[in-house]
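Participant: next comes the sequence, and after it the predicted model I'd like to discuss.
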Amino acid sequence: MPKKPKTQGAAHLGEGGPKAEARATTLVVVESPAKARSIQKMLGPGYEVRASKGHVADLPERSLGVDVERGFTPTYEVKKDKKPVVEELKRAAQGKRLLIATDPDREGEAIGWHVARLLGRDPKEPIRVEFHEITPKVVRQAVEAPRPIDQNLVDAQQARRVLDRLVGYNLSPLLSLEFRKRALSAGRVQSVALRLVVEREEEIEAFQKETYFLLLGRFLAEGKEVWASLYEVEGKRLFAGQGEKEGKLHIATEEEAQRLAQEARGLPYRVAQVETKERRKTPPPPFTTSTLQQAASSRLGYTASRTMRIAQRLYEGVDLPEGTVGLITYMRTDSVRVSPEALQAARAVIGEVFGPEYLPEAPRVYKNRKAGVQDAHEAIRPTDPRRTPESVRPYLSEEEYRLYDLIWRRFLASQMREALYEQTVVTFQDTGPSPRFLFRASGSVLKFEGYLKAWGREGEEEAVEEPPVPALSQGARAELLEVRAEERHTEPPPRYTDATLVKTMEELGIGRPSTYAPTLETLEKRGYVARRGRTLLPTPLGRQVIHYLKERFPQVVAYEFTARMEDRLDQVEEGKAPWPQVVLEFYAPFLEELNRVPKKTCPKCGRPLELKVSRFGQFLGCTGYPECTYTEPLERREAEPIGEACPKCGRPLLRKEGRYGSFIACSGYPECDYTRDDGTPTGHTCPKCGGRVLAKRSKRGKPYFKCENRDCDFLSFYPLLPTPCPTCGWPLVEKGKKAACMNPACPDHDPALVPGPMEAKPKKAAKKKPPALPKDWEALKAFLPGLPEAERRALEGLAQGKTLSEEEASLAKKALFKLRMRKGRTRKEVAPA
């Protein structure tokens, strides 16, 4: 008998009973297509699930989009790449009930608000649902209890977006003008994070290494040997490289160390004290966004961005034999709260997997230490602790498995018993009339693993065992067999990694869970920081930017000011502060600093220069255009000598910047026209002309190999192998897993290696379209009197609907351009330098 198709509970959720299963009566809008597929399978045919694919509307790309004079009112536009998505959503929403199920945070609430607005729905209606985990039970419960969109959350996100636009729109062009580089940016959180990295590097560079010595003694007591370190001399604690040096004995030279060692030898000693105590180490709480990023960085070597991308996939849903299900709860949270049902499920799994002895008497309840934490979400945990990492491993990629395993073990560890250590401290003291020397030995032994059984000891500094100290009797005689001095050096503070930078940002209150990963990604993308292994180093550009911002905009990069703004945004979310007031609190001091920055002026007319954009990229232009046509390139690099002589005339060679990138040219130009390509020498000789073969990169970053002589056409898009072809001596290249020869005359040659000649395509005759009146024509008409008479007549003829000649159409086009420029100049604030 054939099986009946599964409806997955859609019948009772639809509108109209069984008939509703035949067609979707409810449109559910989520953010990602993967999430849409997962939820569609859970809800069944009574629902149609569509994805907005992130933000559908935002502030305009080429203008400020914020009316500063009218309470920072933003102007939103549908993003260009999202116009087809919005049209599809509008068609899908016709005649259907709408549910908006974007991510359960500020950003998701704002996306939902835009979707409702664009689809013509009232945000105050119950159209908003939240999925804190993507499981059939939770999803079905959520769609049955919709709520209105939370305007406080929308306002908090709107305030954050407006703040970021005010900073970015004003500071980013400013940085490009100052440093004559493209694609520079500054941000309220990004710049402060960069300051942390730069100041840590400066602290490392300013660090003065200090030498100090420790004394280690080998004692014999009750037939047992024990190594102990000198702890006190005449009651004064010995400096051992940690903490403050004030008030401690600092052994700075080897002579002083040897003198103390000589004085310690030959004295009678006794076991002054034996102290054995039990030390308990409690488990860490379940993951928040920042602690997940920290643990994934230290244990797995993942960047913050990579961690969040993997976590997103685990949250949105994985295809398992029992159906599609999200494996973890929502991954952007700063709360450590866990639901009672999840606690009971975790305790059941701990008893089954690890044994009842690992269960505490009652479930552990964690509270956030930091005030103002948003407790809307649970901590990051498995949606069902019974899904062990090994049981779902066949359905996950390796990186998904490793991250899920980390989350699963951390959650179970948080509900297990403490780890139990037995710590022993033994001190040895000389028994002279006035004891001077006190040596100390300590050892630690793990007696009960507790939560470490699940979480492990990797990265647990306090969980590292020390070698055990043998059992000794207090007061027993001891003999000092040997004393040796060990030279040590103080260490500079470590460079930041993703883990430590996120931790510091969280401690300072800079940023929020959703901003940590994008902030680090932006710093690297802009070239402000570079990675060396897992550590983050500021680039020279990053240092220059921070020094400039600290000088010109001290409040923008101030830690306390930025943290206070984050707290104020939280108050907006809680409905305790109006968002325009919070924006004004930041913008007013920022504007004062902005107005104090000197302007760059045009050398021809003295008016300010501004950053402009054309189809060829960014450049500097006079604000007096079209009256003043002065322009200059943004990136102006001076020619630099390379330390070689020109092979034609002997004058120095220079590295210059041209239309197609850098090249080498003679400093005697135009008398000497020697030029060659610039690139990294590969050590290969060109088989065609004998020149050097250089490694270069295309504009898109693709590597290729070319002869340095511009007249030579030797070119390879495949890596060159170190050994030449044994048949003809030409370079061998690596194509796939095989080696092939570049020489067309060689029997080992692969014709696919040589780029074929480009066939010139016939050019189509360009059709010149007559200009059309723009939508803002009425506003542009006010500027007509300032045009030359011929251009004004041509434009008036166009407005009257006359057929224009080719010359008149060209004049009208030029006139429209001038009118737009004049209109824009009247509205635009002068750009600072």
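Facilitator: All right, it came through fine.

Participant: now do the same contact list for the nearest residue to Thr383 once chain neighbours are set aside.
Facilitator: Leaving aside its sequence neighbours, Thr383 sits nearest to Glu133 (CB to CB, 6 or more residues apart in numbering; 4.5 Å). In this view, the C-beta of every residue, glycine as well, is placed from N, C-alpha and C. Counting by CB atoms under 8 Å, 6 or more residues apart in numbering, Glu133 touches 315, 326, 328-330, 383.

Participant: check Arg543 too.
Facilitator: Per CB under 8 Å, 6+ apart, neighbours of Arg543: 198, 201.

Participant: element containing it, please.
Facilitator: Element membership of Arg543, judged by DSSP states H and E, is helix 540-552.

Participant: same deal with Leu438?
Facilitator: Leu438 belongs to strand 437-448, assigned by DSSP H and E.

Participant: how far is the helix or strand that that strand is followed by from where the chain is centred?
Facilitator: Sequence order places helix 452-455 as the next helix or strand after strand 437-448, per DSSP H and E. Centroid displacement of helix 452-455 relative to its chain, using CA atoms, centre = their mean, to the nearest Å, is 30 Å.

Participant: please point out which parts of the helix or strand following helix 452-455 sit buried.
Facilitator: Next in sequence after helix 452-455, counting helices and strands by DSSP H and E, comes strand 477-489. Neighbour-count burial for strand 477-489 flags 478, 480, 483, 485 (criterion: 16 or more other CB atoms under 10 Å).

Participant: and if you look at stretch 377-397?
Facilitator: Here stretch 377-397 shows 377-383, 385, 387-389, 392, 396 as buried, counting by 16+ other CB under 10 Å.

Participant: and that stretch, how far out from the chain middle?
Facilitator: The answer for stretch 377-397 is 25 Å, by CA atoms, centre = their mean.

Participant: start and end of that stretch, how far apart?
Facilitator: With CA to CA, to the nearest Å as the measure, the ends of stretch 377-397 fall 27 Å from one another.

Participant: also stretch 231-247?
Facilitator: Note: stretch 231-247 ends 14 Å apart using CA to CA.

Participant: contacting residues around it?
Facilitator: Residues external to stretch 231-247 that are found in contact with it (CB under 8 Å, 6+ apart): 212, 214-215, 229-230, 248-251, 260, 427, 436-440, 488, 490-491.

Participant: do stretch 738-750 as well
Facilitator: Contacts of stretch 738-750 (CB under 8 Å, 6+ apart): 687, 714, 716, 718, 721, 725, 727-728, 730-733, 735, 751, 753-754.

Participant: just those now: which is nearest Leu798?
Facilitator: Val754 (53.4 Å; CB to CB).

Participant: now do the same for that closest one: its pLDDT.
Facilitator: Looking at Val754, its pLDDT reads 60.

Participant: hang on, the earlier thing: which of the contacts of Glu133 lies closest to Tyr404?
Facilitator: Distances from Tyr404 to these, taken by CB to CB, are shortest for Ile328, at 7.0 Å.

Participant: on that earlier part again, which of the contacts of stretch 738-750 count as buried?
Facilitator: Judged by 16+ other CB under 10 Å, buried ones among the contacts of stretch 738-750: 687, 714, 716, 718, 725, 730-733, 753.

Participant: okay, the angle between the longest helix along the chain and helix 540-552?
Facilitator: Across the chain, the longest stretch assigned as helix under DSSP state H is helix 151-179. Interaxial angle, helix 151-179 versus helix 540-552 (axes from the mean of the first three to the mean of the last three CA atoms, to 10 degrees): 110 degrees.
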